[in-house]
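S.K.: got a structure for you, letters missing:
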């Protein structure tokens, strides 16, 4: 039953001109993307029509804000501002108009008024060296603010590779002692949504699932939603046929590059990177790096800044069986199998 005075997601969407047909189409697409059967669509419709929006506190630590930029440019599932309407984004120190003591009071009021009911979304990581002084918010260390806000949250979503594994701030030699959210928040479920930036629609799906079922979606051993991170980028890449047939880009702007051949030899890390870039894509599903002629750099994997050098071909032994005849000889992908 919807709480009096608290609009549901559909109430807000309808006020913004979203018709019923479009809303139902969104619910159907969301079920499909989450790997749910058609039988789950009525559950999603009912939840988004009756349940009040989930309060969200969005914190920013050490990061570049590319995750927020990705989120704001989402044009799917319905309209550009749907994601902001699905949740009640009550605190975001990058987007909100409030500042200073007024802004911090908003965060404190949400924590006090909705204990165990709000979601904490975190963009960026927390420096831990020297007491965490290398990132401060309102005169307090981000580490303190993060741990305080997480204590009363329903769940924590670590948004982007900075939050999930440290990204560039935690790269060697990591002078500030930057740590991912899961390393400094305890006692709360943490959902990791890696990517630099991550795909906006992935967060939409996680929030929708949480709103519908009151629980988190299935996660892998690294806390990532299996619906989006269950397969490698390579598995569903449009260039995989070229990989299987041994057609590779050998240098930038050669015949293979102009023909859209596989970029494995140019350092593409798709075979060892789990994400849904090749299917969900970016900018409303229009493109992703490989479609644009750039190899995957593995930005959603742990320690990807230290996994370089970039643009160097992966060791074929990483993706081929140990007894495969290609190991130790010239790499011939035409003999390669998963």
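M.R.: Ah, there it is. What you are looking at is a predicted structure, and each value in this text was computed from that prediction instead of being measured.

S.K.: Report the buried residues of stretch 251-263.
M.R.: 256-257, 261-263 (16 or more other CB atoms under 10 Å). All C-beta spots, glycine's among them, are computed from the backbone N, C-alpha and C.

S.K.: Nearest to residue 121 among the residues you listed?
M.R.: Proximity of those to residue 121 (CB to CB) peaks at residue 263, which lies at 33.1 Å.

S.K.: My understanding was that that closest one contacts residue 250; is that so?
M.R.: No. Counting by CB atoms under 8 Å, residue 250 is not a contact partner of residue 263; they are 10.1 Å apart.

S.K.: returning to what we had before: narrow the buried residues of stretch 251-263 to those in helices?
M.R.: Secondary structure from DSSP state H places 256-257 of the buried residues of stretch 251-263 in helices.

S.K.: Next, give me the two most distant ones among the buried residues of stretch 251-263.
M.R.: Using CB to CB, the pair of the buried residues of stretch 251-263 lying farthest apart is 257 and 262, separated by 10.5 Å.

S.K.: which residues do those two both contact?
M.R.: Both residue 257 and residue 262 are contacted by residue 249, under the criterion CB atoms under 8 Å, 6 or more residues apart in numbering.

S.K.: for the chain, what spans make up the helices?
M.R.: Listed in chain order, the helices of the chain (DSSP H) span 9-15, 20-33, 41-50, 66-72, 82-86, 100-113, 142-151, 161-165, 181-184, 200-213, 226-229, 240-245, 255-259, 277-280.

S.K.: So which elements touch the second one?
M.R.: This points to helix 20-33. helix 9-15, helix 41-50, helix 200-213 (3 or more CB pairs under 8 Å, 6 or more residues apart in numbering; DSSP states H and E).

S.K.: So what touches the second one?
M.R.: Just to be clear, that refers to helix 41-50. The contact list for helix 41-50, computed with CB under 8 Å, 6+ apart, reads 1-2, 8-10, 23-24, 27-28, 30-31, 86, 208, 211-213.

S.K.: what about residue 312, distance to residue 180?
M.R.: 25 Å (CB to CB, to the nearest Å).

S.K.: should've said residue 240
M.R.: Taking CB to CB as the measure, residue 240 and residue 180 are separated by 31 Å.

S.K.: Which of those two has more residues huddled nearby?
M.R.: Set side by side, residue 240 and residue 180 show more neighbours around residue 180, with 27 against 16, by other CB atoms under 10 Å.

S.K.: That one contacts residue 160, correct?
M.R.: No. Counting by CB under 8 Å, residue 180 stays clear of residue 160, with 10.3 Å between them.

S.K.: okay, the helices and strands packed on helix 20-33, which one's buried deepest?
M.R.: helix 200-213 (a mean of 22; mean count of other CB atoms under 10 Å).

S.K.: ok and it relative to helix 41-50, angle-wise?
M.R.: Orientation note: helix 200-213 sits at an angle of 90 degrees relative to helix 41-50 (axes from the mean of the first three to the mean of the last three CA atoms, to 10 degrees).

S.K.: Now for residue 95: which residues touch it?
M.R.: Shown in contact with residue 95 (CB under 8 Å, 6+ apart): 58, 68, 89.

S.K.: If we only consider those, which is nearest to residue 156?
M.R.: The closest of these to residue 156 turns out to be residue 58 (CB to CB; 11.3 Å).

S.K.: For beta bridges, what are the partners of the closest one?
M.R.: residue 92, residue 121 (DSSP bridges).

S.K.: now it: how far from residue 160?
M.R.: Taking CB to CB, one finds residue 58 at 12 Å from residue 160.

S.K.: And for residue 280?
M.R.: Taken as CB to CB, the span from residue 280 to residue 160 is 16 Å.

S.K.: and what of residue 32?
M.R.: Taking CB to CB, one finds residue 32 at 25 Å from residue 160.

S.K.: Please identify which of those two sits among more neighbours.
M.R.: Each of residue 32 and residue 160 has its neighbours counted (other CB under 10 Å); residue 160 has more, 30 against 14.

S.K.: Can you check what pLDDT the model gives the closest residue to the more buried one other than its chain neighbours?
M.R.: Spatial nearest neighbour of residue 160, chain neighbours left out: residue 67 (3.9 Å); criterion: CB to CB, 6 or more residues apart in numbering. pLDDT, residue 67: 77.

S.K.: ok, now which ones touch residue 67?
M.R.: Going by CB under 8 Å, 6+ apart, residue 67 touches 123, 159-160, 162-163, 197-198.

S.K.: Any idea how many residues pack against residue 283?
M.R.: By the criterion of other CB under 10 Å, residue 283 has 14 neighbours.

S.K.: just for the stretch 1-150 of the chain, where's the confidence low?
M.R.: 1-5, 71-86 (pLDDT under 70).

S.K.: I meant the stretch 201-338 of the chain, not that one.
M.R.: Using pLDDT under 70, the stretch 201-338 of the chain drops low at 320-338.

S.K.: repeat that for 80
M.R.: For the stretch 201-338 of the chain, the stretches flagged by pLDDT under 80 are 201, 203-204, 207-208, 211, 283-285, 308, 316-338.
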